[in-house]
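> Could you work out the structure for the sequence below:
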Amino acid sequence: MTAYVLGAEEKILQLPEEEEALKEKIAPEAEKHGISVVNAFVKVREYRGHALHHIETMAAVADLMNDSYEPGVHIAVCREGKTGELKKVPFGTRLADAADLSGAKAVEVGSHLYTPGAAQELVIDGDLNTGNGVITVIPESACLMQEGEARLLASRKNGCGKCTFCREGLYQLYAHMTDITSGKGKKEGLDMMKEIGEAMEFSCACSVGTTGADFALDSMKYFMDEFDAHIKKKNCPAGVCTCFMTIYIDPNACEGCEDCADVCPEDCIEGKAGYIHMIDDFDCTKCGKCIEACEYDAIIKTTGRVPKLPTRLVKCGKFKKR
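The predicted structure follows:
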């Protein structure tokens with residue numbers, strides 16, 4: 001109907017590049033209506049002069065034709081990496097009534113980040129930008145610095161590279177965030193991140209760039225304590241960033257069973273049967289496999305001070321602190 005009203009000569013349904021299976025599923029039905037189905041990133045510049053519509057708009061047009069249209073948006077709630085069922089929510093609905101926000105450290109709506117309290121007060125209407133419709137509940141156990149790093153990397157992969165502010169801006173933001181998660185972040189870097197992010201909002205040509213810095217900017221706006229912990233205190237509040245962790249073997253609990261050495265992928269645990277084992281902190285990647293393997297709970301992960309440890313092989317039960 002939309003194509004008829006617009007007088008369009010061609011109808012194309014563009015799906016994400018990875019949705020090959022979906023294309024095969026719907027292509028036969030689409031062909032009956034003269035619609036070509038392709039897997040491709042929508043290149044707005046190439047389709048200048050064409051009418052571009054989001055699939056949700058098309059669904060609303062279908063509802064209008066069936067006299068069943070109700071103003072609202074489609075959302076799906078993502079928790080612990082799993083996205084729930086897509087559902088339509090009428091305008092005027094409180095976000096807290098449409099999505100379970102329990103146990104949240106932060107809530108991501110579209111590309112923007114909110115505190116749990118602010119998210120509770122959000123009302124779904126035409127002014128609330130829900131972006132792709134995914135409401136992501138970020139749990140207390142997550143590190144917002146690593147979450148931001150992951151989103152910046154994803155945006156970099158989606159970018160076409162033609163926009164200077166997008167290409168260079170996302171790279172710089174990602175580099176700054178990586179410095180923070182690896183313990184090398186500096187306070188002055190935050191001012192640079194803010195300046196770059198704000199410039200991207202009005203200087204980039206598509207939503208990859210204009211919204212690419214939203215998560216980082218909102219993190220600095222609402223969760224500066226997380227940045228301060230990583231940069232000033234050299235500590236990850238969630239205990240996720242491995243650069244702030246130390247894994248060591250308690251010499252008073254080690255039984256010299258060698259199980260930890262057997263599972264270490266980096267071969268950085270020294271020891272032999274009956275002797276207290278030692279971890280080479282320089283090569284240790286903090287993967288935690290040795291912790292899982294130790295049935296004596298002798299391997300400790302901490303962000304605090306490490307006690308006196310042996311510097312050479314000592315028989316179990318013979319180590320004395322000096």
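> Low-confidence bits of this protein, can you list those?
Counting by pLDDT under 70, the chain shows low-confidence ranges at 321-322.
> Can you tell me how far the spatially closest residue to P90 that is not a sequence neighbour is from E121?
Nearest non-adjacent residue to P90, counting by Cβ to Cβ, 6 or more residues apart in numbering: G72, 4.3 Å away. Using the backbone N, CA and C atoms, a C-beta is placed for each residue, glycine as well. From G72 across to E121, the span is 19 Å (Cβ to Cβ, to the nearest Å).
> Which one's more surrounded, the two?
Between G72 and E121, G72 has the larger neighbour count (other Cβ atoms under 10 Å), namely 20 against 10.
> wait, what's in contact with the more buried one?
For G72, the contact set (Cβ atoms under 8 Å, 6 or more residues apart in numbering) comprises 88-91, 93, 124.
> same check, this time on V77
Counting by Cβ under 8 Å, 6+ apart, the residues that V77 touches are 83-84, 99-100, 134-137.
> State whether it is indeed within a helix.
No. Applying DSSP: H, G, I helix; E, B strand; the rest coil, one finds V77 to be strand, outside a helix.
> Just list whatever residues bridge to it.
I135 (DSSP bridges).
> how much space is there between it and L113?
In terms of Cβ to Cβ, V77 sits 15 Å off from L113.
> likewise A51?
Relative to L113, and taking Cβ to Cβ, A51 is found at 33 Å.
> And those two? Which one has more around it.
Per other Cβ under 10 Å, whichever of A51 and L113 has more neighbours is L113, with 27 against 11.
> helix/strand/coil for the more buried one?
strand.
> ditto for L13
Assignment for L13 (three-state DSSP): strand.
> from memory it sits against G34, does it?
No. The pair L13 and G34 does not pass the contact test of Cβ atoms under 8 Å, sitting 10.9 Å apart.
> neighbour count winner among the two?
Using other Cβ under 10 Å, the more surrounded residue of L13 and G34 is L13, with 15 against 10.
> Next, the contact list for that one, please.
When contacts are taken as Cβ under 8 Å, 6+ apart, L13 is in contact with 26, 30, 35-38.
> ok, now N132?
So N132 contacts G110 (Cβ under 8 Å, 6+ apart).
> What's the separation between it and Y296?
From N132 to Y296 the distance is 48 Å (Cβ to Cβ).
> just V73 next, same as before
54 Å.
> quick one: which of those two has more around it?
Each of V73 and Y296 has its neighbours counted (other Cβ under 10 Å); V73 has more, 21 against 14.
> how close does L144 get to M65?
Distance from L144 to M65, by Cβ to Cβ: 44 Å.
> One more: F202?
37 Å.
> quick one, strands of the stretch 51-200 of the chain?
Secondary structure of the stretch 51-200 of the chain by DSSP state E, counting those that start in this stretch: the strands cover 72-79, 82-83, 87-90, 93-94, 104-109, 112-114, 123-124, 134-139.
> how about the helices of the stretch 151-300 of the chain, start to end?
Using DSSP state H, counting those that start in this stretch, the helices assigned to the stretch 151-300 of the chain run over residues 164-181, 187-203, 207-210, 214-222, 224-231, 259-263, 289-293.
> now those helices as CSV including distance to I247?
Below are the helices of the stretch 151-300 of the chain laid out as CSV (distance: least, Cβ to Cβ, whole Å):
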stretch, distance to I247
helix 164-181, 18
helix 187-203, 28
helix 207-210, 38
helix 214-222, 28
helix 224-231, 19
helix 259-263, 10
helix 289-293, 7
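> want to try CSV for these, with mean neighbour count and distance to D250 as columns?
Shown next, in CSV, are those (neighbours: other Cβ atoms under 10 Å; distance: least, Cβ to Cβ, whole Å):
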stretch, mean neighbour count, distance to D250
helix 164-181, 20, 28
helix 187-203, 15, 36
helix 207-210, 19, 49
helix 214-222, 20, 36
helix 224-231, 18, 27
helix 259-263, 17, 12
helix 289-293, 17, 11
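> V44: which of those is closest?
helix 207-210 (9.4 Å; Cβ to Cβ).
> contacting residues around that closest one?
For helix 207-210, using Cβ under 8 Å, 6+ apart, the contacting residues are 155, 158-160, 163, 165-166, 169-170, 200-204.
> Relative to V263, which of these is nearest.
After measuring those against V263 - Cβ to Cβ - the closest member comes out as S155, at 36.0 Å.
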